[in-house]
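Trainee: give me a 3D structure for the following:
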Amino acid sequence: MKKILLLLLLFAGASLGFSQSNPAITSFLQNTTLTGSYYVQGNSTTIGNGILVNCQRVEYSNDFVYITATGIPSYPTGPFLDGNPSQAQNQNSIFQLPLNPQPNTGNPIATTPGNIGIFINGVALFDYRDGVAWNPTTNALCGGPGNPPCPGGPGASQDWNRDAIPAERPGFDCSKGHPAMGNYHHHQNPSAFKLDLQVVSMVCNLYDADGLYAIDSTQHSPLIGFAYDGFPIYGAYAHQDTNGTGPIVRMKSGYSLRNITQRTLGPNGQSVDPGPAVDATYFLGYFREDYEFNASPATDVLDEHNGRWCRTPEYPNGTYAYFATVDANWNSAYPYAVGPTFYGNATNRSVNSITEPTTVYTGATAIDEDALPGFNIVPNPAADLVAVQLGGLLTENARIQLMDLRGKVIAEKLIPAGSTIAYFEVETVYSGTYLIRVTQGAHQATRKVVIAH
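Mentor: Numbering: from 1, shown residues only. Down below sits the predicted model:
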């Protein structure tokens, strides 16, 4: 596809401001009209699934916010090239998050298999694991598709647990997600593979898609979700200082790979059942226990939960916040978002119904109406295809128009909230200078683009 030949550049996004004091109410992307799409292997054209995207309802009480969502993103899902037979399916979920999350003062609560958080588009967050582990009795993998069950059954504690990010990479779509029995989820930073500085997956070459947002190293990353303890999750960049000042820097994981060749001791030096030796198949980083935590006094190095206490644009008085860690090339870095333990008091936040009086939040996503998202046009000049890439996180739908200099609209696209890119095919457009106009609410921004065949 011609889309993959474009060099997509990143740029500054709009600063967000919220009209209410609690971002756990105002941050979720609401939608009751737009439906999603997906790819199947062998077809580079998306297929509509008829399922509403993002979140359909947000309501709150004195203590909780309730989010009703399908679990389907506005960006296309699939295909999943590891033999996964599932497609993203409507989860009909209701999540109950605390409005006043509290630190856990007891023993840290470990993250669990399955949902451990929710992104602001209603898509599930999973932790590092994929359900596969090492069985020392059989000296083979156990759990997951194609393997015998692990000792104790699904979810039972094992000494060597496989890291989903390197192990399942062939099965992630362009947006770094995949379904488990229809439950589409991300284990990691939800930005498309093709936007990383070092592209480690070629799935976008044929099956082009977006992520939830585009990384911008010059701006504080947007709030992209909430963990099951109620604390917010941000992208990878923030102010260096926890008081909300200093340069914008990449938040760094406090975990690093251990210097081992044999898997005979756990990360803390504890005695464990042995795992396989480190080799080309079971490389260092194949298992979660290949990492160890090293506390650092540096303010841009995160704690053992992958977060820190700091001031953010949405929480000017301070909050504990997790960060979706990436390395210098923007590739996902362990522990990816949350974990391996929660900072706060986490529990299963999925409920079957709402059993207390609530107020429905009907406001817009409360962006700063005086700002439009930054955008870039690539390539410019263009010959046959123009990509318009919005920066940061789009919190409400944007209309993108290709116009001639007289203002006549030649083509128009919609970028829904939670997506980042629109494309215009311009092979049949006469050479010359044209305009790209981005409209969001009552505000517009326009730039020139040159088409030269």
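Trainee: contacts and neighbour counts: CA atoms only from here.
Mentor: Noted.
Trainee: ok, Ile400 - contacts?
Mentor: Residues near Ile400 by Cα atoms under 8 Å, 6 or more residues apart in numbering: 412-415, 422, 436-439.
Trainee: among these, the buried ones, what's the ChimeraX command?
Mentor: If you want just the buried ones from the contacts of Ile400 in ChimeraX, going by 16 or more other Cα atoms under 10 Å, the selection is:
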select :414,415,422,436,437,438,439
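Trainee: CSV for the contacts of Ile400, including secondary structure and distance to Pro101?
Mentor: Output for the contacts of Ile400, formatted as CSV (DSSP: H, G, I helix; E, B strand; the rest coil; distance: Cα to Cα, whole Å):
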residue, secondary structure, distance to Pro101
Glu412, strand, 43
Lys413, strand, 40
Leu414, strand, 36
Ile415, strand, 33
Ala422, strand, 37
Ile436, strand, 43
Arg437, strand, 41
Val438, strand, 38
Thr439, strand, 36
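Trainee: with respect to Asn62, which of the contacts of Ile400 is nearest?
Mentor: Set against Asn62, the nearest of the contacts of Ile400 by Cα to Cα is Ile415 (34.2 Å).
Trainee: I figured the closest one was touching Ala422, is that so?
Mentor: Yes. Look at Ile415 against Ala422 with Cα atoms under 8 Å: they come within range, at 6.3 Å.
Trainee: which of the contacts of Ile400 sits closest to Val360?
Mentor: Ile415 (25.7 Å).
Trainee: what's that closest one in contact with, if anything?
Mentor: 397-400, 421-422.
Trainee: same thing but at 6 Å, please
Mentor: 397-398 (Cα atoms under 6 Å, 6 or more residues apart in numbering).
Trainee: for the most centrally placed residue in the chain, give its distance to Thr325.
Mentor: The centroid of the chain falls nearest to Pro190 when counting by Cα atoms, centre = their mean (2.2 Å). Per Cα to Cα, to the nearest Å, Pro190 is found 11 Å from Thr325.
Trainee: quick one on the thing from earlier: of the contacts of Ile400, closest to Ile260?
Mentor: Ala422 (46.2 Å).
Trainee: okay, and the beta partners of that closest one?
Mentor: Beta-bridge pairing for Ala422 (DSSP bridges): Val388.
Trainee: what pLDDT does it get?
Mentor: Each residue has a pLDDT score; the one for Ala422 is 91.
Trainee: what does the one 5 residues further on give?
Mentor: Here the pLDDT value assigned to Glu427 is 84.
Trainee: identify the residues contacting it.
Mentor: Contacts of Glu427 by Cα under 6 Å, 6+ apart are Asp384.
Trainee: for it, give its distance to Gln91.
Mentor: 40 Å.
Trainee: okay, now the unreliable bits of the stretch 351-453 of the chain?
Mentor: Residues of the stretch 351-453 of the chain meeting the criterion pLDDT under 70: 363-373.
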